[in-house]
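Participant: here you go, sequence then predicted model.
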Amino acid sequence: MQYPIYLDYNATTPCLPEVIEAMLPYFGTHLGNAASKSHPYGWVAENAVEEAREKIANLIGAKSKEIIFTSGATEAINLGIKGTFDAYLGEKQHYITCKTEHKAVLDTFAELQKRGAELTYLEVNSKGEISLDELEKAILPNTKLICLMWANNETGIIHPVEKIFKLAEKRNVIFFTDAVQAAGKIPVFTKGIHLMAISAHKLYGPKGVGALYVRHNHDMPKPLCQIHGGGHEKGMRSGTLNVPGIVGFGAAAQVRMNEMKLEGERLKTLRNKLEKELLEIAETKLNGSQENRLSHVTNIAFGGVEGEELLRRVNQKVAVSSGSACTSISPKPSHVLAAMGLNSDLGRASIRFSLGKGTTEKDIEDAVSWVKKVVVELRNS
């Protein structure tokens, strides 16, 4: 099969060869269950898990005991949000998030609203930025948690995390950040953050494994477990650990620690070339900010074309998406772009291009050429 040029690295990344190599022994030779404490098979598996936990903790500036393994970021988000709600059960609860959060966050909060939680959804401006003044005004005496992503998956915009955590700290509110698109791509930290979701397959690790960072040494409640049965992961997430996946996650985290700065600079150069040339097409505009964003992402609106047909045609030779991979099957315009003020037609005719380790200058040149050809043909049809 002849695959198209891959420019959808925000949806998922390929496993690096060294990640696959690290994982392979744990599918066969080292077959133990990490919870089997009575023989060498279990000891080897447990040791591998703890080594990976340390590497992942190092990536985000945490202690290894603060890393709770999950099946991915969606589970980590559900554990962090629903687990916090359960920890405060019986109290009046208010939560703050933003209209441009990932659906994993928004859908989880929608479920909490059914259970009686009060929600404030912050607005964003045309660049996708929140107002810190509005955030501060939204904090109530019964606000339990602020949940704001580190970097947006559709536009790449980076929220001012340091200023957010200082507001949360001042008002004694738990701060949870979805750092799925940030970890392994830009430096992240845990100072002032209570909960953080990360995912292996967004940083060149395997699918099906993620983690929730749970800060220790503070007096606010920690999330209560949502999956029972065995008390794994310090009682926070029961279930047999995915040892090969966790080993791969650790290997990927270690690689990204060493290469993210130089790779980020390389991708920024390629992204800027792609963006500059596509924005030369008439009736195009950048969705979001040119400054405060991830270096490998651009989101461009193409006026004068029908969105579904644009995406279908572009994907014949360039693999891209119109938004989150979780919602790419929906013909509806992106909720992120809608919150930024784009009308539904332009929202549907917007494409997210996300670059990665396999992206070359020739890929960019070929992608630009193809997209220009498609847009011209659609406008003339």
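Facilitator: Looks like it arrived, so ask away. Numbering: from 1, shown residues only.
Participant: what residues are up against residue 240?
Facilitator: 33-35, 232 (CB atoms under 8 Å, 6 or more residues apart in numbering). The C-beta positions use only the backbone N, C-alpha and C, and glycine is treated the same way.
Participant: next: residue 62.
Facilitator: Residues in contact with residue 62 (CB under 8 Å, 6+ apart) are 56, 190, 213.
Participant: out of the residues you listed, which is nearest to residue 249?
Facilitator: When the contacts of residue 62 are ranked by distance to residue 249 (CB to CB), residue 56 comes first, at 6.1 Å.
Participant: can you tell me what sits against the host helix or strand of the closest one?
Facilitator: For residue 56, the host element (DSSP states H and E) is helix 40-60. For helix 40-60, contacts defined as CB under 8 Å, 6+ apart pick out 26, 30-37, 62-64, 66-67, 69, 179, 183-184, 188-190, 196, 198, 211, 213, 241, 243, 246-247, 249-251, 253-254, 256-257.
Participant: and the residues you listed, which of them are buried?
Facilitator: Applying 16 or more other CB atoms under 10 Å to those, the neighbour count classes 26, 30, 32, 34, 62, 66-67, 69, 179, 183-184, 188, 190, 196, 198, 211, 213, 241, 243, 246-247, 249-251, 253-254, 256 as buried.
Participant: how close does residue 199 get to residue 72?
Facilitator: Distance from residue 199 to residue 72, counting by CB to CB, to the nearest Å: 6 Å.
Participant: neighbour count for these two, which is higher?
Facilitator: A count of neighbours by other CB atoms under 10 Å puts residue 199 above the other of residue 199 and residue 72, at 28 against 21.
Participant: give me phi/psi at that one?
Facilitator: phi -140, psi 140 (degrees, to the nearest 10).
Participant: and for residue 318?
Facilitator: Reported as degrees, to the nearest 10, the phi and psi values for residue 318 are phi -140, psi 120.
Participant: ok, and the closest non-adjacent residue to residue 26?
Facilitator: residue 244 (4.1 Å; CB to CB, 6 or more residues apart in numbering).
Participant: ok, which stretches of the stretch 1-150 of the chain are strands?
Facilitator: In the stretch 1-150 of the chain, the segments counted as strands under DSSP state E, counting those that start in this stretch are 5-6, 67-70, 94-98, 118-122, 143-147.
Participant: backbone dihedrals for the most centrally placed residue in the chain, please?
Facilitator: Nearest to the mean C-alpha position of the chain, counting by CA atoms, centre = their mean, stands residue 180 at 2.6 Å. Backbone geometry at residue 180, expressed as degrees, to the nearest 10, gives phi -60, psi -40.
Participant: hang on, it packs against residue 74?
Facilitator: No. Contact criterion CB atoms under 8 Å: residue 180 and residue 74 do not qualify, at 9.4 Å.
Participant: what's the overlap in contacts for those two?
Facilitator: With CB under 8 Å, 6+ apart as the test, residue 180 and residue 74 both reach residue 210.
Participant: tell me the contacts of residue 138?
Facilitator: 96, 120, 122.
Participant: just the buried ones from these, in ChimeraX syntax?
Facilitator: Selection of buried members from the contacts of residue 138 for ChimeraX, criterion 16+ other CB under 10 Å:
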select :96,120,122
